[in-house]
Every structure is written in structure tokens, then in C-alpha cells.
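Participant: kindly generate the corresponding structure for this input.
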Amino acid sequence: MGPAWLLLLLPAAACVPGSVSGTGCPYPARLWCSSPEISRACQAEEHCAQLARYRRAQHPVPVPVSLYYESLCPACRDFLTAQLFPTWLMLRTIMNITLVPYGNAQEKNESGKWHFDCQHGQKECLGNMMETCLIHLLKNPDDYFPIIFCMESGTKLVENLPACMQIYAPSVKLEEIMACVKGDLGNKLMHNNAQLTEALSPKHQYVPWILIDGKHTDEIQARAQGALFRLVCDLYKVDPNFVWCLQEEKRIRILEREGAVNAIEFSPLPGAGSATSRSS
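Facilitator: Here you go, the predicted model:
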């Protein structure tokens, strides 16, 4: 039995016969942590805090990573394809992703329908809408994220959709996605993205705008754009010897010693076309 278990059992061992603590607690030990009032009455607050920490360690919460972006923003595409998708591919059991395509777009309501003006033109508005509908209709990142990565990796994002869907979601009908893109559902979904973006605190100043666990700071942004894999591994509340983190950390160090331009290098998914170099 490990030391952690011994610590957890110490308060119970101090309990007098009848499961009543030496402090006159009227409750059995199994109820000490059932409410704050009982834990205070039984002077078991520290014990309950230790127990809560242990339980969190056994069932850790995945690291939430949110990306507010535009589909044709060069810096957004670079982050999504070179950092976010590769990291998610390796660590998706310990991270949750939220993608919000909208960014610096503007909206206005005309006759009950929302109209959008995007920073990189109407083609970007169409790309934003396609990715928004993929996210909404497919729901699971395992299904929609490879398609979005495929689209963003190629030189012609909008035109990539049919081929990317054929590769990564052949059972999904393109017509269903386009009905969302061109219909009221897509319009409402994009308005919701606009509201989510507007509600950011602090307000977004640029894109990509990255949140970790719902928070944005300059440090978080810099670390995420520089080495998202390491950041997620550092923040994951569990055994630091998580196997993927250890194995990939060794590979990253080797690449760095060899002077690799990027700390993590990944092969593109098939069928995406070649990604061009981009600048903001």
C-alpha cells in the first residue's frame, strides 16, 4: 500500500469504535466528506481535501484548448496545421478542443438575416461557414477535425471540401453540409460564433486567439504558438510520466539538437495538397 493511501486512511484509523471520531463526531467515517458541514463537524476537512485531490488525479480533466480563428488567415492556418492538429492527434485523450471560425469578421442584420463581412473576403466567409457546419453536424472532433485540417493544409481551402470529405468522412453527404452552409442553420450558427467571439474577455486583439482552460494571456498565447504539445503536457493534472508526453519530448529534444526549424515535424495527411508558405 502506497504512502498516499496511508495518508488517506489515517483519519479513519483514529476513529473510535462505532465509527465515531475522537472529537465526538456523530457520523460514520464514510460520511465525513459527504458535505462541508459534516467535514467541519468531524474536523475532517484536511482529510477530505486530500481525498478530493487523489480522486482528481485518478480522473483528471482533459486540458481545454479553444481556437478563435479565420479560415483564410495565414497565421491561423499555420497554428492549426502545425501545432493544434498534430498535438491533438497525439494527445486527444488528454485534451478537448473548441474551434470557433469567425475572428475579425463583422456582422449586420438585414431583414431578419445575418450578413457577414470577413477580413479576407467572401471566400473566407464561405470557408468559415463550411467549417462551422462541419463542426455542428459531425459533432465529434474525431470526425470533423481531420476534414478541417485537410482543407486548411491545401492551397485552395474552399475547393478542398469535397475531396477532404471523401477521404475522411465518405459516409457523410456533401449536400447535407452545403444545405447548412447556404441555409438558415448556417446563418444562425455563424451568428452564434460572432457572439462567442464578442463575449471574449479580454477582447480578442488578433487571430489566432488561443484560450487554455477558458483563459487567454500573452504567456498562454506565446507558449501555445511556440510549443502547444509541451504546454498541454505541462498542464495535464496526472502522472507526469504520461507515455506520449515522455516519448515525444525525447523526439523533440533530438530535433532541436539537430537544428530542426520546427520543434515538432509531422507529415501532412494524404489528399490535402501541398501547403504553401504563408505570411500574415
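Participant: where does the stretch 51-200 of the chain dip in pLDDT?
Facilitator: Flagging of the stretch 51-200 of the chain using pLDDT under 70 yields the residue ranges 53-59.
Participant: which residue ranges form the helices in it?
Facilitator: For the stretch 51-200 of the chain, helices defined by DSSP state H, counting those that start in this stretch occupy the ranges 74-79, 85-91, 122-138, 141-153, 157-168, 174-182, 184-198.
Participant: now for residue 70: which residues touch it?
Facilitator: Residue 70 makes contact with 76, 101, 102, 103, 104, 105, 118, 119, 120, 124, 128, 207 under the criterion CB atoms under 8 Å, 6 or more residues apart in numbering. In short, each C-beta sits where N, CA and C put it, glycine included.
Participant: and the gap between the residue nearest to it when sequence neighbours are not counted and residue 244?
Facilitator: Spatial nearest neighbour of residue 70, excluding adjacent residues (CB to CB, 6 or more residues apart in numbering): residue 103 at 3.6 Å. Here the distance between residue 103 and residue 244 works out to 31 Å (CB to CB, to the nearest Å).
Participant: and stretch 90-104, how far out from the chain middle?
Facilitator: 4 Å (CA atoms, centre = their mean, to the nearest Å).
Participant: residue 114 pairs with what?
Facilitator: Judged by DSSP bridges, the bridge partners of residue 114 are residue 109.
Participant: touching, it and residue 189? I think so.
Facilitator: No: because the distance of 10.1 Å does not satisfy CB atoms under 8 Å, residue 114 is recorded as not touching residue 189.
Participant: with neighbour numbers in mind, choose between those two.
Facilitator: Per other CB atoms under 10 Å, whichever of residue 114 and residue 189 has more neighbours is residue 189, with 20 against 16.
Participant: neighbour-wise, which of residue 103 and residue 244 wins?
Facilitator: The residue with more neighbours, out of residue 103 and residue 244, is residue 103; 25 against 14, by other CB under 10 Å.
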